[in-house]
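Asks: structure for this input, please:
(chains A and B)
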Amino acid sequence: MTQIRAGSTAFRLSSAGWLVLPAVLLLAAFFVYPVFWLLMRSFSQPEWGVQNYQALVERTVYARVLWNTISISGLTTIGCLLIGYPLAYTMATASERTRRILIFVVLIPFWTSLLVRTFAWMVILQKQGLINDLLMDLGLISAPLALIYNRAGVLIGMIQILLPFMIFPLFAVMVRIDQSYSSAAATLGAPPMRNFFRIYLPLSMPGIISGSTLVFVSALGYYITPALLGGPADLMIAQLIERQIATFGNWGVAGALSLVLLATTVLILGLVQRFAGVRTAWGR
Amino acid sequence: MSGGTEHWWRRLRAVVCGLTIVYLVAPLIIVLIISFSSAPFLTFPPPGLSLQWYENLFNNPMWFGSLITSVKIMIPTAILATVLGTAASYALARSNFAGKFLVSGFVMAPMIVPVIIIAIGLFGVFRAIGLFGTLTGLIIAHTVLSIPYVFATVSGALSLVDRRLEDAASTLGAPPWTCFRRITLPLILPAILSGLLFAMVVSFDELVVSLFISSPTVRPVTVQMWSNIRGAVDPTIAAVATLLFCFSIFALIAESLARRRSDPSGR
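Replies: Okay, here's the model as predicted:
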């Protein structure tokens, strides 16, 4: 066998390509088909037509849930950004050792089951929970605060759960920011605040955009956390989809809501990718 | 003057970061402590220490059975997802065809599509073809969700492998499989292990899809926890949560060790 480099490369190319097939076939059968099947119900159940989409527009209960979903996701994103930014900055500027510890601390909740974290919040936020007990013992409040089964509970839980999705993209960008720009600005007399807003913040913008996108898009489809920490007024779209199936057996509306959720997710990711030109680096 | 402000900012940032770390980690530590509580209900701080909830976890067939079910799903899922995900990333990294970019987007898609949509779609389809409430169905569903994690991890490592090593091997007459096994595989093995651990954690922790396609007889531990949380909360759940947490931490440490070994710069 006298193989020259080009020849062997060509051989390898043609022989390796088929290896993608098993994964593609499995995903086609058990991912694409089921999703497509569900989305099609929106046009065919209970009869062919767009009546399910009409219902989404006409019935105010759907509009309210869509608004809940957007506002909870938006507030979660803002919360994650405000809380995550200082920590990401510290991670990016700390010594190697401190940085490694901080990364590990952020990775712990990232790797821990969503259900476990949500359950932990249920224990902490309940009426006789840690926070209420603490505040009562300190004499700051005389009656327990309502921290769970409402918007506050959902936000406390969701921000904690999605925080790593904000911190890692921020950190990835910040760690590459050249500190000499800030030093130069400081030397030239820029006060810290001005220095931050004019130099550092714009340079970290790609991280802010990719982190915020990741958090917002993930939050849109959340089911477990709002179901366990929220009240009846905080229903989100994923819960509404579940309810349409489990309670009403209404595949048509569930399909229509799924299409709205999926289209919104894909649209936002597409727009951000197109205009901000950032890779939505998943987590790490 | 400006030095004073600087100092003040630094201090504020340290406080903010400290609070953020507490916010991130404290809930998990509290559950861990509660799992050793001697009280018959969820309370913090616990009045005393006891192993009763761990005992109950292993003696109560409902809890222990669901734990075994989760393991029975996790192991085949991790193997399947690792093999399929690695094969796919190798195929895409080492071949060139039109639409390659689209195919890799396709393999990553289960990570982007909201999981509730996948769950309900699978529920509908599995009911029709008899996979609802079966181990096979759960293994297939979890594999679908895990493949992107393996694919992303292994693809990252493959892009760092020096192609000249593979070229050298095949120029010297190594058939593709030998070249992969002797050259590429050892280089990307840490990433494959990393992907395997990812798949294990994804499967072991998965709830939303399992909620829809499991049955009372085939019920993973997360679904058992879910129904428990929604009913009368039994503190055994804190023991289960601690177990899941320890499993994740174990996987995280193993993964970071694997990754450190794979990093050519030795970081």
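Asks: and the pLDDT at A:Val278?
Replies: Note on A:Val278: pLDDT of 51.
Asks: got it, and A:Thr225?
Replies: 94.
Asks: pull the contacting residues for it.
Replies: A:Leu114, A:Thr118, A:Val154, A:Gly157, A:Met158, A:Ile161 (C-beta atoms under 8 Å, 6 or more residues apart in numbering or on different chains). Backbone N, C-alpha and C define where each C-beta goes, glycine included.
Asks: again, but for B:Ser248
Replies: Counted by C-beta under 8 Å, 6+ apart, B:Ser248 has contacts A:Ile108, A:Trp111, A:Thr112, A:Ser113, B:Val201, B:Asp205.
Asks: switch to 7 Å and redo it
Replies: A:Trp111, A:Thr112, A:Ser113, B:Val201 (C-beta atoms under 7 Å, 6 or more residues apart in numbering or on different chains).
Asks: give me the buried entries from those residues.
Replies: The neighbour-count test (16 or more other C-beta atoms under 10 Å in any protein chain shown) marks A:Trp111, A:Thr112, A:Ser113, B:Val201 as buried among the contacts of B:Ser248.
Asks: sketch out the low-pLDDT regions of the chain for me.
Replies: Unless you meant another one, I'm taking chain A. A:1-15, A:277-284 (pLDDT under 70).
Asks: nope, chain B
Replies: For chain B, the ranges with pLDDT under 70 are B:1-5, B:261-267.
Asks: ok, the helix or strand that B:Leu67 is a member of near chain A or not?
Replies: Applying DSSP states H and E as the criterion places B:Leu67 in helix B:61-93. Yes: residues of helix B:61-93 contacting chain A under C-beta under 7 Å from any C-beta of the partner chain: B:Leu84, B:Gly85, B:Ala87, B:Ala88, B:Tyr90, B:Ala91, B:Leu92.
Asks: which pair of the residues you listed spans the longest distance?
Replies: B:Leu84 and B:Leu92 (12.6 Å; C-beta to C-beta).
Asks: quick one: secondary structure of the closest residue to B:Phe132 other than its chain neighbours?
Replies: Spatially, and ignoring its direct neighbours in sequence, B:Phe132 is nearest to B:Phe126 (4.2 Å; C-beta to C-beta, 6 or more residues apart in numbering or on different chains). Recorded secondary structure, B:Phe126: helix (DSSP: H, G, I helix; E, B strand; the rest coil).
Asks: I figured B:Phe126 hits B:Leu138, correct?
Replies: No: using C-beta atoms under 7 Å as the test, B:Phe126 is too far from B:Leu138 to be in contact (9.4 Å).
Asks: follow-up on the earlier one: ok, so of the contacts of A:Thr225, who is nearest chain B?
Replies: A:Leu114 (6.9 Å; C-beta to the nearest C-beta).
Asks: what count of nearby residues applies to residue 156?
Replies: Picked chain A for this. 21 (other C-beta atoms under 10 Å in any protein chain shown).
Asks: think we crossed wires, I meant chain B
Replies: B:Gly156: 18 surrounding residues under other C-beta under 10 Å.
Asks: contact partners for it?
Replies: Taking C-beta under 7 Å, 6+ apart as the test, what B:Gly156 contacts is B:Ala191.
Asks: what's the helix or strand for it?
Replies: Short version, using DSSP H and E: B:Gly156 is in helix B:135-158.
Asks: so what's the gap between stretch A:65-80 and the chain middle?
Replies: Relative to its chain's centre, stretch A:65-80 lies at 11 Å (C-alpha atoms, centre = their mean, to the nearest Å).
Asks: one more: stretch A:146-155?
Replies: 19 Å.
Asks: distance between the ends of that stretch?
Replies: Start-to-end span of stretch A:146-155 (C-alpha to C-alpha, to the nearest Å) is 13 Å.
Asks: touching chain B at all, it?
Replies: No: Stretch A:146-155 stays clear of chain B (C-beta under 7 Å from any C-beta), getting no nearer than 12.3 Å.
Asks: repeat that for stretch A:161-177.
Replies: Yes: among the residues of stretch A:161-177, A:Leu163 lie within reach of chain B under C-beta under 7 Å from any C-beta.
Asks: A:Ala63: neighbour count?
Replies: Neighbours of A:Ala63 (other C-beta under 10 Å): 12.
Asks: oops, could you answer that again for A:Phe248 instead?
Replies: 10.
Asks: can you check B:Ser35 too?
Replies: Other residues close to B:Ser35 by other C-beta under 10 Å number 23.
Asks: next: A:Arg97.
Replies: 8.
Asks: report the buried residues of the strand or helix carrying B:Ser194.
Replies: Per DSSP H and E: B:Ser194 is located in helix B:185-205. By neighbour count on 16+ other C-beta under 10 Å, the buried set for helix B:185-205 is B:187-188, B:190-205.
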